[in-house]
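> Provide a 3D model corresponding to the input given below.
(4 chains)
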Number of protein chains: 2
Amino acid sequence: MIAIPATGDERANLIGRLLPFIAHRRLEPGDRLPSERELAERFGASRGAVREALAVLEALRVVERRPNSGIYLRPVDRHGSIEAIVLQAELGIPLTEAEVREVVELRRILEMQAVRLAAERRRTEDVQRLDEILARTDAVIAAAGNPADEDAAFHLAMVEATGNHVFLRVVNAFYLMSRNRRRAYFADGSRAPLSQRQHRAMRDAVAAGDPDAAEVAMGGHLRGVESYWMELLEKRARGD
Amino acid sequence: MIAIPATGDERANLIGRLLPFIAHRRLEPGDRLPSERELAERFGASRGAVREALAVLEALRVVERRPNSGIYLRPVDRHGSIEAIVLQAELGIPLTEAEVREVVELRRILEMQAVRLAAERRRTEDVQRLDEILARTDAVIAAAGNPADEDAAFHLAMVEATGNHVFLRVVNAFYLMSRNRRRAYFADGSRAPLSQRQHRAMRDAVAAGDPDAAEVAMGGHLRGVESYWMELLEKRARGD
DNA sequence: ACTACCAATTTGGTAAGACCAGTTCGGAGG
DNA sequence: CCTCCGAACTGGTCTTACCAAATTGGTAGT
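Purely as a prediction, here's the structure:
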């Protein structure tokens, strides 16, 4: 039995150690993981802690626990939960290149449709909220701060204006899983003003009740962000 | 202390009892839940079992656990995870009317865009998979079976043809949370043949690489299903 | 009356040990 | 070679215990 020692902070999050463990062993869907007792011993944790982590992984459809049999890996591509990606991002595990491409693409699709609905349904308080966030963002930019959170707030407020709370939940997941990347994006202070101008154009189109203009504005805005990430991925692929 | 007894199967799933408990007490976001020890006593379970359930609810952003302080309810509309709805559905907790409307609307939006991408990118094996599922569905219909799972498989195969695995994860969540409703829908055997004809039209449009025709076909197909659910909700509202 | 401080209580986090009821699997017996 | 049975293993659960940090309440000092 080779024990896997915990190095400092790692002790805190068993899931953050279990996921790489699974990936490192190249387990295929259907394969059985070591038993709870063995995992506990291997990670230097109690069975209770292991069970807690496994309960989360089961809820996120990464794993299946069969009573009196074992813990089995599920086919993640086909059945994995979107929240599993959120959890990974929060644990600091970087997304693969394919995942970044797919996340960025789907986010654009979702938000282009969201902004259409928003333009059709927005109420006065929705536009007010957008204006408040825009003003707050101006303040952050003026103070040379990082407006990543305000950026997220604006986009989420746009989705909220659709009146569809389920829509909001889905898009929120995407903003949670890309928080670190967005902070890095806005670390270059020159990007915020352009983003802010595009946000204002979207706000105006939505306030005017013009779905087509709103969709075009959102599409252009997100395609700009998208191309930035694609270039970054290519740089990384070249080994920069 | 009023103990909440477990009735039969309920003992098995603590989450399924915790969620109604939270809802019944009309807790507002930010409110503190009883301590782990009190919850354990109240539900007649051990602290370990309670902690396992709370770990899942925390991962699904329903709850926040602050060390040495307490367990707090999070604003679910704004931050709740989409998987929390999936979990509720699996536990047999029915969606609210608003949730059904929103889920149905968002599913249509997602799939109309998915089928566009599928028509642009489909590979030969994607069309083959669609054909296999259509044939399997024919067999089920001929045997007077319930083709709800084949229906889901077809729609998910459509999303898979986009090549975007994250897209597949998101749409899969919607099919997981509506499985029971779809089974009820197809319980009336007269619905399956029409659905199958529409599926074939979508398959042909995708195979032909025609995004517009595919989107129209999917839109019409899902709008038909949608109107069925809306009528059912109105019936329920009238007290049938 | 107000403030600063300290100690007891409460909280979530973790560990260790035990028992149960099914599953699994290998060896004994045919 | 097949069948059957029992021992070992596995997840599910409960109990007990201890820790460290946060909270709380009262007390002593101003």
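
> Model confidence score at the closest residue to A:Glu58 other than its chain neighbours, please.
Spatial nearest neighbour of A:Glu58, chain neighbours left out: A:Arg65 (5.5 Å); criterion: Cβ to Cβ, 6 or more residues apart in numbering or on different chains. The way it works is simple: take the backbone N, C-alpha and C, and place the C-beta from them, glycine included. What the model reports for A:Arg65 is a pLDDT of 97.

> Dihedrals phi and psi, A:Arg65?
phi -100, psi 120 (degrees, to the nearest 10).

> and whichever helix or strand A:Phe167 is part of, C-alpha only, in PDB?
Element membership for A:Phe167, per DSSP states H and E: helix A:165-177. The C-alpha trace of helix A:165-177 is given here as PDB (Å, rounded to 0.1, in the frame of the first residue of the first chain):
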ATOM      1  CA  HIS A 165     -34.600  31.600 -13.500                       C
ATOM      2  CA  VAL A 166     -33.500  28.200 -14.900                       C
ATOM      3  CA  PHE A 167     -31.700  30.100 -17.600                       C
ATOM      4  CA  LEU A 168     -30.000  32.100 -15.000                       C
ATOM      5  CA  ARG A 169     -28.800  29.000 -13.200                       C
ATOM      6  CA  VAL A 170     -27.300  27.500 -16.300                       C
ATOM      7  CA  VAL A 171     -25.500  30.700 -17.300                       C
ATOM      8  CA  ASN A 172     -24.300  31.200 -13.800                       C
ATOM      9  CA  ALA A 173     -22.600  27.900 -13.800                       C
ATOM     10  CA  PHE A 174     -20.500  29.100 -16.800                       C
ATOM     11  CA  TYR A 175     -19.500  32.200 -15.000                       C
ATOM     12  CA  LEU A 176     -18.500  30.300 -11.900                       C
ATOM     13  CA  MET A 177     -16.300  28.000 -13.900                       C
END
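
> outside of it, which residues touch it?
Helix A:165-177 is contacted by residues A:82-83, A:85-86, A:88-90, A:95, A:103, A:106-107, A:110-111, A:114, A:117, A:152, A:155-156, A:159-160, A:162, A:182, B:77-82, B:85, B:98-99, B:102-103, B:105-106, B:170 when judged by Cβ atoms under 8 Å, 6 or more residues apart in numbering or on different chains.

> give me that answer again for 6 Å
A:82, A:85-86, A:89, A:107, A:110, A:152, A:159-160, B:77, B:80, B:82, B:102-103, B:106 (Cβ atoms under 6 Å, 6 or more residues apart in numbering or on different chains).

> picking that back up, partners of the residue nearest to A:Glu58 in the sheet?
A:Ile71 (DSSP bridges).

> surely it meets A:Ile71?
Yes - the pair A:Arg65 and A:Ile71 passes the contact test of Cβ atoms under 6 Å, sitting 5.3 Å apart.

> tell me the mean pLDDT over stretch A:34-53?
Stretch A:34-53 comes out at a mean pLDDT of 96.

> ok, now stretch A:73-93?
91.

> Which members of the contacts of helix A:165-177 are positioned in helices?
Counted as lying in helices by DSSP state H, out of those, are A:82, A:85-86, A:89, A:107, A:110, A:152, A:159-160, B:77, B:82, B:102-103, B:106.

> For the helix-or-strand element of chain A with minimal mean pLDDT, buried residues please.
When the helices and strands of chain A are scored by mean pLDDT, DSSP states H and E, helix A:76-79 comes last with a mean of 81. Within helix A:76-79, the residues scored as buried using 16 or more other Cβ atoms under 10 Å in any protein chain shown are A:Val76, A:His79.

> Show me the shaky parts of chain A.
Along chain A, the parts satisfying pLDDT under 70 run over A:1-12, A:239-240.

> Would you tell me which residues of it are close to DNA strand D?
A:33, A:35-38, A:47-48, A:51, A:54, A:65-71 (Cβ under 7 Å from any atom of the strand).

> out of those residues, which are buried?
Counted by 16+ other Cβ under 10 Å, those give A:Leu33, A:Glu36, A:Arg51, A:Leu54, A:Ile71 as buried.

> what's the helix or strand for the fourth one?
In other words, A:Leu54. Assigned by DSSP H and E, A:Leu54 belongs to helix A:47-59.

> Could you measure from the residue of chain A found nearest DNA strand D over to A:Pro67?
Nearest to DNA strand D, among the residues of chain A, is A:Ser35, at 3.2 Å (Cβ to the nearest atom of the strand). To A:Pro67, A:Ser35 is 13 Å away according to Cβ to Cβ, to the nearest Å.

> Next, A:Asn164: phi, psi?
According to degrees, to the nearest 10, A:Asn164 has phi -100, psi 100.

> out of everything not next to it in sequence, what's closest to it?
Using Cβ to Cβ, 6+ apart, the nearest residue to A:Asn164 is B:Glu102, at 4.6 Å.

> which helix is the longest one in chain A?
From DSSP H, the single longest helix across chain A is helix A:211-238.

> Which strands and helices lie in contact with it?
helix A:97-121, helix A:191-207 (3 or more Cβ pairs under 6 Å, 6 or more residues apart in numbering or on different chains; DSSP states H and E).

> Give me the buried stretch members for it, please.
Applying 16+ other Cβ under 10 Å to helix A:211-238 flags A:211, A:213-219, A:221-222, A:225-226, A:229 as buried.

> Tell me which other helices or strands the least confident helix or strand of chain A touches.
Short answer (3+ Cβ pairs under 6 Å, 6+ apart): helix A:76-79 packs on no helix or strand.

> Work out the gap between it and the centre of the chain.
Computed by Cα atoms, centre = their mean, to the nearest Å, the chain-centroid distance of helix A:76-79 equals 17 Å.

> domain assignment for chain A?
Using automatic domain parsing, the domain ranges for chain A come out as A:8-83, A:97-238.

> The shortest one and DNA strand C, any residue contact?
Yes - for domain A:8-83, a contact with DNA strand C is found by Cβ under 7 Å from any atom of the strand, at A:11-12, A:44-49, A:52, A:66-69.

> Widest-spaced pair of those residues?
Farthest pair in the residues of domain A:8-83 next to DNA strand C (Cβ to Cβ) is A:Ala12 and A:Asn68. Separation: 30.8 Å.

> about what we covered before: now the least confident helix or strand of chain A - C-alpha only, CSV.
Taking Å, rounded to 0.1, in the frame of the first residue of the first chain, the C-alpha atoms of helix A:76-79 are listed here in CSV:
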residue,chain,number,x,y,z
VAL,A,76,-18.3,11.4,-17.9
ASP,A,77,-18.7,12.6,-21.5
ARG,A,78,-22.1,11.2,-21.8
HIS,A,79,-23.5,11.6,-18.3
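
> Contacts for it, please.
Counting by Cβ under 6 Å, 6+ apart, A:Arg61, B:His165 sit against helix A:76-79.

> Tally up the residues packed near A:Leu194, please.
11 (other Cβ atoms under 10 Å in any protein chain shown).

> quick one, phi/psi of A:Pro34?
According to degrees, to the nearest 10, A:Pro34 has phi -60, psi 160.

> Setting aside sequence neighbours, what's the nearest residue to the residue positioned nearest the centre of chain A?
Centroid check for chain A by Cα atoms, centre = their mean gives A:Met177 as the closest residue, at 1.7 Å. The shortest distance from A:Met177 to any non-neighbouring residue, by Cβ to Cβ, 6+ apart, is to A:Ala89 (4.1 Å).
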